[in-house]
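# From the sequence below, what's the structure:
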Amino acid sequence: VSTQSTWDKRLMKPIIPVMDINLITTLCYILDGLLTEENCPTGTPSETYEKYFVFACIWAFGGPLPSDGSTDYKLVFSNWWKKEFSTIRIAEHGTVFDYYLTRQREFAPWSDIVPAYNHNVDLIKEQGVQAVVVETSDSVRITYFVNLLFQNKRPALLVGTAGTGKTTIVRSKLQALDTTEMIHRTINFNSSTDSRTLQAIMELSLDKKSGRQFGPPGRKKLVFFVDDLNMPEPDKYGTQSAIALLRQHFDYKFWYDRQKMTIKEIVSVQYIAAMNPKAGSFTVNERLERHFGIFACSMPDRTDLKTIVTAILRGHLAGFSRDAQALTEKLTAATIELHKEVSKTFLPTAIKFHYQFNLRDMMNIIAGLLLADAVRFEPIDLVTLWVHECERTFCDRMVSDMDAMKYQELVQDKVRGHFGDLGTMDDLLPEPLVYTPLCPPGGDENLYTRVMTYPDLYRVLHAKLEDYNDSYARMDLVLFNQAMEHLCRISRILHNPRGNALLVGVGGSGKQSLARLASHICNLDVFQIQVTSLYGISEFRLDLQQLYLKAGQKGHQFSFIITDSQIPDPRMLVYLNDLLSSGFIPDLFSVEERDAIESGMVNEVKASGHPDFGNKDVCWEYFINKVRNNLHACICLSPVGEDFRAWCRKFPALTNCTIIDWFHPWPQQALVSVAERFLADVELGGEDMVVTIAEHIGGRRPSWLPAGRPPRRSCTGPSTTRR
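The predicted structure is shown next:
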C-alpha cells in the first residue's frame, strides 16, 4: 500500500485531488464489502484473501483515475501494476480494470456479465432515447462498486464530465430498490444552494422518531442522491455552507434546529453523490470528500460507444429491409467518428463555452434516426436523415458561419467515406435538407419526412400561421427560408418526448414568436408569466405550482416559454434548473400540498397497473413523470452581455438538459423581404420605390446608386428593420 500510494502521487493524476487517507478509506470500504462470510468462509486459504486484497487495491487506488483525457491514466496504472506486482497474474490481454473476481475466486472479464440490451419501444416513445440504458463493461463495473459500498451503507462519489452516465448509473440503482424498505430523494445542487436551503429540503423527507432523533417514515431507510455536489458557489471566505452541513452530518450524525438551536440526530440515512470536475468550484472540501469512495466516470471508449449505438439501431431497424439493416455498422462508425472529429475541432472557449460534446449529443442523433419507419425509408433516406440529425445536434449550436462551414466539411468527408457507394453527393446531401413531421406527402402529420422544396414547406407553415392568427393575437410573421428552418427545428425539439429548447439570439430575432407558433403546431398550450414591477420569486413559484398541477393532474400539454427579460430575479433560475434536470423542484409544494397531490394520484396510478399504487413515493414519482412528459420548456436568451454565460455556468441544466438552437444574424435577403412585407400597404409612389426603400433598409446597395459610390453605412438588425 505504501509503495502504491507513493507512486500514485508521483506519476498519477486523479480526476480530482484525492488525499492518502481517502484512498485507504476506499480500500477499507471495498474490503468490507468483499470479505464477507459468503465469500470467505472459515478455512479459506490465504491465496483467496490475497486475490481479494489485490482486487480492492486496484480499484481503491485506480478507481479515481480518468481514461478519456490526453493520457489514459488507467492504462498507465495497469502497466505499472503488472510490472511491479507480478506474483498474481490477472490477465495477459487488456488492463487490470477489465477483470473482476468471480465467486470461484478467479479473474474473468467484466464483459462476461454485461446484460443483453432489450429494445423497449414504449419507453422510447414515452421518455425518449435518453431514458434508454445500454449496459457496457464500464457501466457494469461502476455499478458493481456502487452496490458494494451501498449495501454496507458507505457513500460513493462518481466523478466525471457531463454526459458520462453518472446520473444514469445512480438512478438505475435507486429505481431498483425495494420501495417497502428504502426510499430515495434526489437533490440537485446549483450555485445558489446553501445550508439553509439544503436542510429544509432534506427535512421534508424526515419525521420525528423519539426524543431528538429524526429519520425517514416508519422503519424505512432513506437514500439521498446529491447531484452536482461541487456546484454551490463559495462565499468570500471560500466556504460552501451546503457542503459544510453535509460534512457535519457525516462527522457527527446531527445538525441543529435553526429555530430552537437544539440538536437533531439524523438516523437511517445514507448518501450517493455525483459531480462534474469541470464545473462549479471544480472540487469539494477534503473533509467531506474523505468520507466517500471515489470512482471516475469517463467518456465511453470506442468499443463501448459501438456497443451502445449498435444495440439501439439494430433494435429499431429489425423491421427494415436487409439493405437498410446492413447500414447499422456504417451508421454507427460514422456517428462515432464524426462525434470525435467535432469534439477535437470545436473546443470550448470563454465565448463558445457550450462547445462540449458528449454522449448526450450522440443519443440525440440516435433519437432522430429512431423516427424513421420501415415503409418510407430506403437506405439512402436513412443516410440523409442521419446527416440531418447530425446537423441539428452539432451545427445548430455553432455561433458563427465560419464554424458552420467547418462542420459541413467534416460531415461531407464522413458521408463520402462511409456512404459514397449509395449515390452521388447531391443525392446524399440534398437541398433543402429539412426533416419535419409537419409536411408529409400524403398530408398525414406526425410522419417524419423530408421537405422537398421551400415552397411546399411555406404553404404548410403559412396555413399553420393563419390558423394561429385565427385563434390568438395576430402575429405578422414573414416566413423566409431561415425563419422556416428555425421553426422546423423548434417543432422538432418540442415534438420529441421530454424535449426542451434553448433558443439563443439577439433581441428581435424572432425566438419568442417562432416558439409560440411551433408550440401551436405541436398542439401545446403556451404558458408565459406576466412580469410586473411587483413580480418576484413568490409569484413565480405560484405560477409554477399552477403549471405543475395542470400538467400533472389534469394532463394538459404545455410549452413554457420564458425569455431573459422575464427573469427579474436570478433565483428563478434555481427552479428552472431543477425543472430541466429532473422535474422535481424540492420546495415548490408544501408538505400538505404534496400529500394532497399524492392522494389525488392514487386512482390513476392504480389504473396504470402499478402494483404498489398505495405507496406515496410511487404516486409522487408518477406525478413528476407525468409533468415531464406534458411540459416542454422553451428558454429564449440573448448571448449579449455577461448574464448568458454566468447563468449557464451556475445552472448547468440550461445547456446540459436542452437542445440548443443558435439564431445567426438574419441574411440580407431576409431583411429585404421583411421590409417589403411591411411597406406593401404604404403608399410610397409605386412598386419601384417600395423595392428601393426596402433595399436601403436591408442594407443592400440600391440599383440606382453609382457603382463607385459606397452606400451609407447603417446598422440593420431584426429590431431595426421592423421599426
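
# Is residue 660 bridged to anything, and to what?
Bridge pairing for residue 660 (DSSP bridges) gives the partners residue 502.

# What's the local residue count around it?
16 (other Cβ atoms under 10 Å). Heads up, the C-betas are built off the backbone N, CA and C, glycines and all.

# That one touches residue 353, doesn't it?
No - assessed by Cβ atoms under 8 Å, residue 660 is found out of contact with residue 353, at 11.6 Å.

# what's the first-to-last distance across stretch 188-203?
15 Å (Cα to Cα, to the nearest Å).

# Give me the buried positions along that stretch.
188-193, 195, 197-199, 201-203 (16 or more other Cβ atoms under 10 Å).

# ok, and what's touching that stretch?
Contacts to stretch 188-203, defined as Cβ atoms under 8 Å, 6 or more residues apart in numbering, come from residues 185, 187, 214, 224, 226-233, 241-242, 244-246, 255, 258, 280, 570-571, 573-574, 577-578, 581-582, 586-587, 649-653.

# Same question for stretch 109-116.
For stretch 109-116, using Cβ under 8 Å, 6+ apart, the contacting residues are 91, 94, 98-100, 135-137, 140-141.

# repeat that for 7 Å
98-100, 135-137, 140-141 (Cβ atoms under 7 Å, 6 or more residues apart in numbering).

# Ok, stretch 622-629 next?
Contacts for stretch 622-629 (Cβ under 7 Å, 6+ apart): 126, 497-498, 548, 551-552, 583-584, 597, 601, 605.

# can you do 8 Å?
126-127, 497-498, 548, 551-553, 555, 582-584, 597-598, 601, 604-605, 608, 610.

# Inside strands: which ones of those?
Using DSSP state E, no member of those falls in strands.

# Give the buried subset of the residues you listed as a ChimeraX selection command.
Restricted to buried positions by 16+ other Cβ under 10 Å, the ChimeraX selection for the contacts of stretch 622-629 reads:
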select :127,497,498,548,551,552,553,582,583,584,597,598,601,604,605
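
# Out of the contacts of stretch 622-629, which sit inside helices?
126-127, 548, 551-552, 597-598, 604-605 (DSSP state H).

# Output those as TSV; include the columns pLDDT and distance to residue 415.
Converted to TSV, the ones in helices among the contacts of stretch 622-629 look like this (pLDDT from 0 to 100; distance: Cβ to Cβ, whole Å):
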residue	pLDDT	distance to residue 415
126	81	33
127	81	31
548	96	44
551	95	41
552	94	44
597	94	50
598	92	52
604	92	47
605	91	48
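
# Nearest to residue 466 among these?
Using Cβ to Cβ, residue 551 comes nearest to residue 466 of these, at 28.2 Å.

# can I assume the closest one is in contact with residue 633?
No - using Cβ under 8 Å, residue 551 makes no contact with residue 633, being 11.4 Å away.

# which element is residue 214 on?
strand 213-215 (DSSP states H and E).

# Show me what the following helix or strand past that strand is packed up against.
Beyond strand 213-215 in the direction of the C-terminus, DSSP H and E gives the next helix or strand as strand 221-227. Where contact means 3 or more Cβ pairs under 8 Å, 6 or more residues apart in numbering; DSSP states H and E, strand 221-227 is packed against helix 166-175, strand 182-188, strand 269-275.

# Which parts of the stretch 601-723 of the chain are strands?
Along the stretch 601-723 of the chain, counting by DSSP state E, counting those that start in this stretch, strands occupy 631-637, 659-662.

# So what are the sheet partners of the first one and their directions?
Here strand 631-637 has these sheet partners by DSSP bridges: strand 501-504 (parallel), strand 558-563 (parallel).

# could the ones you listed go into TSV alongside distance to residue 674, mean neighbour count and mean pLDDT?
Shown next, in TSV, are these (distance: least, Cβ to Cβ, whole Å; neighbours: other Cβ atoms under 10 Å; pLDDT from 0 to 100):
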stretch	distance to residue 674	mean neighbour count	mean pLDDT
strand 501-504	19	24	96
strand 558-563	21	22	96
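
# and those strands as TSV, adding distance to residue 521?
Converted to TSV, the strands paired with strand 631-637 look like this (distance: least, Cβ to Cβ, whole Å):
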stretch	distance to residue 521
strand 501-504	13
strand 558-563	10
